[in-house]
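Asker: Structure, please.
(one chain, ligands or ions: 1)
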Amino acid sequence: MAFDLNSLLRPHISSLKPYTSARDEYTGKEGIFLDANENPLGSATKEDFNRYPDPYQWEIKKQLSKIKGVRPEQIFLGNGSDEAIDLLFRAFCNPGKDNVILLPPTYGMYEVSAAINDVATKKVSLTKDFQLDTKAVLGQVDAHTKIIFICSPNNPSGNKINRDSIYTILNQFSGLVVIDEAYIDFNDEPSFTQELDKYPNLLVMQTFSKAWGLASLRLGMAFASEELIRILNRIKPPYNISGLTQEYVLQALQNEKKVKSMIQTILDEKDSLEKALKGLDFVQKVYPSNANFFLVKVPQATSFYNKLIDHKIIVRNRSKVQLCEDCLRVTIGTKAENKALIEAMQKVAAETGVQG
Ligand SMILES: *Cc1c(COP(=O)(O)O)cnc(C)c1O
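Answerer: Alright, predicted model coming up:
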């Protein structure tokens, strides 16, 4: 299927003259910097933050490119994945005219970002076992469909989407296919980043918020063709990633070993938690998960959720979400936290007399 990035772009974006920052024009590190109206003396903090950070975060991208097997120019870094999602809407979707396809139940931010940008969404439900119905999805594509969002492993269901159906969409849709791999590090499936050179219509999102343990820093990654990454760079706020974030993420990238070991600990705990949840007679279903959480079906989920809060256990109530009736989404915690969860669930069940 023919793919032409330029014809997909909103016209005013293709002719946009971007802001050029002081740090764009001279990228050397040596010199006396009198170009950005910064305070030359320092900051009132322990560490100095008086200089603007690298607008393109090249140090991080150099390190990441080795880990991810892509070129640094194929990487975009955003203030959370949310920033990349928003920029995609702004670059490609004409408000009130274009549309995107979402596959509920899925991550809520795609729909919110679409609404903020006044972009229509077409929803094609996943199947009962949370798989992609390729025929139904492709059947919804019209001349104004710009993006299809696929989340794999999917949130809130936890399962990965069948690879063959993703390839079908990539091969047959001539707009952008966004694959959100926020939970990729918790499963051994290869990343779609390895397909970037084959599919110019592909953009893969990952994040430092989950396995990397850096949710508070706010750093999301997008991987795509160099041409597509250049577009995102042109429309992003110039200094979208703070110097503090860049510094700490570089630290984490030097210590990938610790991340791998934390992932292993979480996966070990996941096995124990799954067994414990399945051992509770009132638990109606624990959905198979390729992520660091479980979707769990319990009787009267909303009241169950509220009673868990009384025991100071906070899970995510997904019971009003389609295909997730009576389901709670539970993140894998530490051994002690998971034990407290199971004990609280037993107490709530006893208090309310719920039965499976
Ligand atoms: C948690 C999550 C993200 C991460 O978003 P950030 O803005 O990077 O923290 C992205 N996609 C999905 C599906 C998620 O569940």
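
Asker: Tell me where the stretch 51-200 of the chain has strands.
Answerer: Applying DSSP state E, counting those that start in this stretch to the stretch 51-200 of the chain gives strands spanning 75-78, 99-102, 120-123, 145-151, 176-180.

Asker: Quick check, the residue in this structure closest to the ligand?
Answerer: Nearest to the ligand in the chain, going by Cβ to the nearest ligand atom, is G80, at a distance of 2.7 Å. C-beta here means a position set from N, CA and C on the backbone, and glycine is covered the same way.

Asker: Provide the partner residues of the residue lying closest to I148 once chain neighbours are set aside in its beta bridges.
Answerer: Distances taken as Cβ to Cβ, 6 or more residues apart in numbering put I101 closest to I148, at 4.5 Å, once the chain neighbours are dropped. Note on I101: beta-bridge partners by DSSP bridges are K122, I148.

Asker: can you list the residues that contact the helix or strand K347 falls within?
Answerer: Assigned by DSSP states H and E, K347 belongs to helix 335-352. With contact meaning Cβ atoms under 8 Å, 6 or more residues apart in numbering, helix 335-352 is reached by 269, 272-273, 276-277, 280, 282-283, 298, 300, 303-304, 307-308, 311-313, 315, 330, 332-333, 354-355.

Asker: quick one, what contacts V124?
Answerer: V124 is in contact with I101, L102, L103, D133, A136, V137, Q140, counting by Cβ under 8 Å, 6+ apart.

Asker: if we can go back for a sec, any idea how far the helix holding K347 is from the middle of the chain?
Answerer: Centroid separation for helix 335-352 versus its chain: 30 Å, with Cα atoms, centre = their mean, to the nearest Å.

Asker: confidence score at the residue nearest to R218 when sequence neighbours are not counted?
Answerer: Counting by Cβ to Cβ, 6+ apart, R218 lies nearest to G80, which is 4.6 Å off, once chain neighbours are set aside. On the pLDDT scale, G80 is placed at 95.

Asker: circling back to that earlier point, wait, the residue nearest to I148 sits on H144?
Answerer: No. Assessed by Cβ atoms under 8 Å, I101 is found out of contact with H144, at 11.1 Å.

Asker: of the two, who's got more company?
Answerer: The neighbour comparison of I101 against H144 (other Cβ atoms under 10 Å) goes to I101, with 25 against 15.

Asker: Which PyMOL command selects the buried ones in the contacts of V124?
Answerer: Buried subset of those, written as a PyMOL selection, criterion 16 or more other Cβ atoms under 10 Å:
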select buried, resi 101+102+103+137
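
Asker: between the contacts of V124, which is nearest S289?
Answerer: L103 (17.7 Å; Cβ to Cβ).

Asker: my read: that closest one touches K123, true?
Answerer: Yes. L103 lies in contact with K123 (Cβ under 8 Å); the separation is 7.5 Å.

Asker: sorry, back to before: show me the contacts of helix 335-352 that map onto strands.
Answerer: Counting by DSSP state E, the contacts of helix 335-352 place V330 in strands.

Asker: Among the contacts of helix 335-352, which are located in helices?
Answerer: Within the contacts of helix 335-352, residues falling in helices by DSSP state H are E269, S272, L273, A276, L277, S303, F304, K307, L308.

Asker: For L328, list each beta-bridge partner.
Answerer: V296, N317.

Asker: Renumber starting at 16 from here on
Answerer: Taking 16 as the first residue, the last one we looked at is L343.

Asker: for the stretch 16-165 of the chain, what are the low-confidence residue spans?
Answerer: Where the stretch 16-165 of the chain drops to pLDDT under 70, the residues are 16.

Asker: so how far is K83 from V301?
Answerer: Distance of V301 to K83, computed by Cβ to Cβ, to the nearest Å: 32 Å.

Asker: number of nearby residues for T260?
Answerer: For T260, the count of nearby residues is 21 (other Cβ under 10 Å).

Asker: If you could redo that for F64, that was the one I meant.
Answerer: The number of residues near F64, taken as other Cβ under 10 Å, comes to 16.

Asker: Surely it touches S58?
Answerer: Yes. Applying Cβ under 8 Å, one finds F64 in contact with S58, separated by 4.9 Å.

Asker: Need the overlap of contacts for the two.
Answerer: Common neighbours of F64 and S58, counting by Cβ under 8 Å, 6+ apart, are absent.
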